[in-house]
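>>> Below are the sequence and a predicted model; questions follow.
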Amino acid sequence: MTADTTPELTPEQLAEIERKYDPETAFRPTGKMLGLVIATALVAMSVYHFYASGFGLVRELLHRGIHISFVLGLVFLLFGMRKGDATLPPRAWYRFDGVPILDIIFALLAVAAAMYLPLLSPAALAQRVGNPSTTDIFMGTALLVLTLEATRRSVGPTLPIIGLIFIAFAYFGPWMPGALKHGGSSWLAIINHLYMTNQGIYGIAIGVMAQYVFLFILFGVLATRIGLGQLFIDLAMVIAGRYSGGPAKVAIFSSAFMGTISGSSIANTVTTGALTIPAMKRVGYPAHFSGAVEATASTGGQITPPILGAAAFIMVEYLEIPLRDVLAAALFPALLHYFGIFIMVHLEAKKLGLRGLRAEELPKMGLVLKDHWLSLIPLIILVYLILSGKTPDFAAVYGIIACVVVGFLNPTHRLSLRDLWDGLASGAKNTLAVGAAAATVGVVVGVVTLTGVGFRLGYVVVQTATDIGTMLSTLPILGYFTVTQWALFTSLILIAIACIIMGAGIPTTATYIILVAVAAPALAQLQVEPLVAHFFVFYYGVLADITPPVALAAYAAAGIAGSNPFKTGNTAFRLGIAKALVPFVFVYSPALLLVADGFTWWAFTVTLLGAMLGIASLGVAFSGYLIAGLKTWERWWVALVSFLFIAPGLMTMGLGLALMLPILLIQLRRRNATTVEA
């Protein structure tokens, strides 16, 4: 196969690809005067959150109000009303320094509406909840409308449409069908609940963003600026670059490392893919496969401790368990995801006869550590503080301090005051879209608590699954399983499909919060442990990033690889099949999550070994290669046997090994025959 010689993309081209596929980074340019005002506001946002979480004592509602005011005000200044907004005449009468005057008015109104409620005295607020004044209704309506519009600009239309559907559901309850029917709520009652209480816009979602997520995103930006990202990429090349199909394995390791400090699939894809995708093409991987490998590996950042795409902190609040328990639960499912991709790319490399990187193409371990070892210190401090039981915000604050100190001392990646200013501004910028999304998610969750729709939907899902289970249990062979077992399995399938659909084009954290509100109750009715239910919906929400037709991470990778986006997305989904199977594994054997109820090391070992064998078998089936090529019937045989491995238990694992033995013998004979012919 002829190696690809496509030139690498420039930083400007990579930035354009990220803006195209990631609406969260599609900032519009502004003039110098307004640009300085925005930059100052961004830095002030970072400094405020650092102070408030680390050293200040700010009332909860006031802290959340300040966060929302920063987010919404800056979104209206930095994101255009439509994609072509930045190309309009910058000095038209209705624009100031490149920003429409109407957007400036929206920004000021959003700040006023967000701060109006928190600035009321607690006594005055207590008297108005349940009986809001006309001004309260006006401000609440303004904040609700501006929140939906800010989310549309920064994230896309899907999430605001979902928010509008839920609001309509609350208002038109008496006209809803079947189990979804309810008494309905007046506009006054809706605004009272969504604006005047902590069950809506000012709820848990925005609280977690303000208290934890902002700091961890800022930590990731600063850690990257002091060289930690480059260290991860270089280490990945040293570890895996020399082996068959080396660049693809480098993509896996570098994305896994980057996932520890970044929770964005698209940002990971562009950052590491700029190096790995051209390298994969040069050694002979097809363009669509190269892009798919990087996209699939990069989505692993959403499920890799310690950040987990910000979902970890939501779990801490919902489940009321320490962050270290959430991170421990996430560890092995994340490793299984990377293991599945590794198996796929290794078999593909062997099938295509691809080489690794040459010695002269690889960095030297000694030089890598000499140049970058200092950049590891902040991450070590962060992880140590989390594992020692400190709160997430405490750990993040001292991780940020360590980044600044190391940055000023590190001769290789020394931070200047201008670098620190830019880092603080970039960190705040990266939180705007997810902050707006969190506010809209608060609207959705508020409607759920106002109407009880979560339990209603849970009832509908469980009832539908039970009906299907009753039908399946009457069929030959399938009748071996009980109605309850079929109901659980069918519910998992239905919820998984809903998670993938809901996650299309919506930030992972927002998807997770919505699904926890509307899907987790169904799993609770089926006696699934809360921690397991939360991880199940979270994993399938993440899968949307590589699931066509809205596989944004895969499309960004296709832009770098110069491949067909849809073909890249399909290949990425195939490579990420482990992520689709692992949630079923830990539902049936929660021991995989380490801290789930009933954990034993024996159950964990059996489950982990079975999952690894099952994922490896699926990799063989999808790639069509083990130690020689597989025929079609052999691939189907291996695929079916893989489910026996994934079903936890020594009996099923032993049966799976017995059924795999004939395939292995056929493979050995086929390889020997090929060797003799050669």
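Here it is on my side, so go on.
>>> contacts and neighbour counts: CA atoms only from here.
Fine.
>>> Which stretches in this structure count as strands?
With DSSP state E as the criterion, the chain has strands at 95-96, 99-100.
>>> looking at the ones you listed, which has the lowest confidence?
Ranked by mean pLDDT, these end with strand 95-96 in last place, scoring a mean of 76.
>>> Can you tell me the strand partners of it and which way each runs?
Next to strand 95-96 in the sheet, as set by DSSP bridges, lie strand 99-100 (antiparallel).
>>> list the buried ones in the longest helix along the chain?
As assigned by DSSP state H, the longest helix anywhere in the chain is helix 323-352. Of all the residues in helix 323-352, those buried under the rule 16 or more other C-alpha atoms under 10 Å are 323-334, 336-351.
>>> ditto for stretch 637-651
637-650.
>>> Just the residues you listed: which are in helices?
When these are checked against helices using DSSP H, the ones located there are Trp637, Val638, Ala639, Leu640, Val641, Ser642, Phe643, Leu644, Phe645, Ile646, Leu650.
>>> if we can go back for a sec, counting by contacts, list what the longest helix of the chain packs against.
Judged by 3 or more C-alpha pairs under 8 Å, 6 or more residues apart in numbering; DSSP states H and E, helix 323-352 is in contact with helix 246-258, helix 287-299, helix 311-319, helix 376-387, helix 565-575, helix 577-588, helix 601-623.
>>> For burial, what's the neighbour tally of the residue nearest to Leu327 when sequence neighbours are not counted?
By the measure of C-alpha to C-alpha, 6 or more residues apart in numbering, the closest residue to Leu327 outside its immediate chain neighbours is Pro305, 5.5 Å from it. Neighbour count for Pro305, taken as other C-alpha atoms under 10 Å: 27.
>>> for Pro305, phi and psi?
For Pro305, the backbone dihedrals are phi -60, psi 150 (criterion: degrees, to the nearest 10).
>>> and which of the ones in helices among the buried residues of stretch 637-651 is nearest Val47?
Ile646 (47.9 Å; C-alpha to C-alpha).
>>> Pretty sure Gly614 is one of the things that closest one touches, is it not?
Yes. Contact criterion C-alpha atoms under 8 Å: Ile646 and Gly614 qualify, at 5.2 Å.
>>> Name the nearest residue to Gly31, sequence neighbours excluded.
In space, Gly31 comes closest to Asp97 once its chain neighbours are excluded; the distance is 4.5 Å by C-alpha to C-alpha, 6+ apart.
>>> What score does the one you found have for pLDDT?
In the prediction, the pLDDT value recorded for Asp97 is 77.
>>> Looks like it contacts Leu36 (just checking).
No. Taking contacts as C-alpha under 8 Å, Asp97 lies outside contact range of Leu36: 10.9 Å.
>>> And the residue nearest to Gly31, how far from Thr134?
Between Asp97 and Thr134 the distance, using C-alpha to C-alpha, to the nearest Å, works out to 35 Å.
>>> For the two, indicate the residue with more neighbours.
When Asp97 and Thr134 are compared for neighbours, Asp97 comes out ahead with 16 against 10, by other C-alpha under 10 Å.
>>> Now do that one against Ala39, distance only.
Shown here: Asp97 relative to Ala39, a distance of 14 Å by C-alpha to C-alpha.
>>> Ok, Cys403 next?
Applying C-alpha to C-alpha, the value for Cys403 to Ala39 is 21 Å.
>>> Which residue of the two possesses the greater neighbour count?
Taking other C-alpha under 10 Å, Cys403 and Ala39 do not tie; Cys403 has more neighbours (29 against 19).
>>> May I have the predicted confidence score for the more buried one?
Confidence for Cys403, expressed as pLDDT, is 93.
>>> which regions of the stretch 251-400 of the chain lie under the pLDDT threshold?
In the predicted model of the stretch 251-400 of the chain, residues 263, 309 satisfy pLDDT under 70.
>>> switch to 90 and redo it
Judged by pLDDT under 90, the stretch 251-400 of the chain has its weakly predicted residues at 251-331, 333-338, 340-376, 383, 386-393.
>>> same thing with the stretch 451-600 of the chain?
For the stretch 451-600 of the chain, the stretches with pLDDT under 90 are 451-531, 533-589, 591, 594-600.
>>> Now tabulate the strands of the chain in TSV and tack on mean neighbour count.
Written out in TSV, the entries for these read as follows (neighbours: other C-alpha atoms under 10 Å):
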stretch	mean neighbour count
strand 95-96	17
strand 99-100	24
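>>> out of those, which comes closest to Leu78?
Of all those, strand 99-100 sits nearest to Leu78, with 8.2 Å by C-alpha to C-alpha.
>>> any idea of the mean pLDDT in stretch 74-87?
Here the mean pLDDT over stretch 74-87 is 77, rounded to a whole number.
>>> do the same with stretch 662-678
pLDDT averaged over stretch 662-678 equals 79, rounded to a whole number.
>>> Please name the nearest non-neighbouring residue to Asn410.
Using C-alpha to C-alpha, 6+ apart, the nearest residue to Asn410 is Leu374, at 6.7 Å.
>>> So the chain: which segments form each domain?
What automatic domain parsing lists as the domains of the chain is 16-206, 213-433, 600-678.
>>> and Asn534, what does it touch?
Quick fix: residue 534 reads His, not Asn. By C-alpha atoms under 8 Å, 6 or more residues apart in numbering, the residues touching His534 are Met315, Val516, Ala520.
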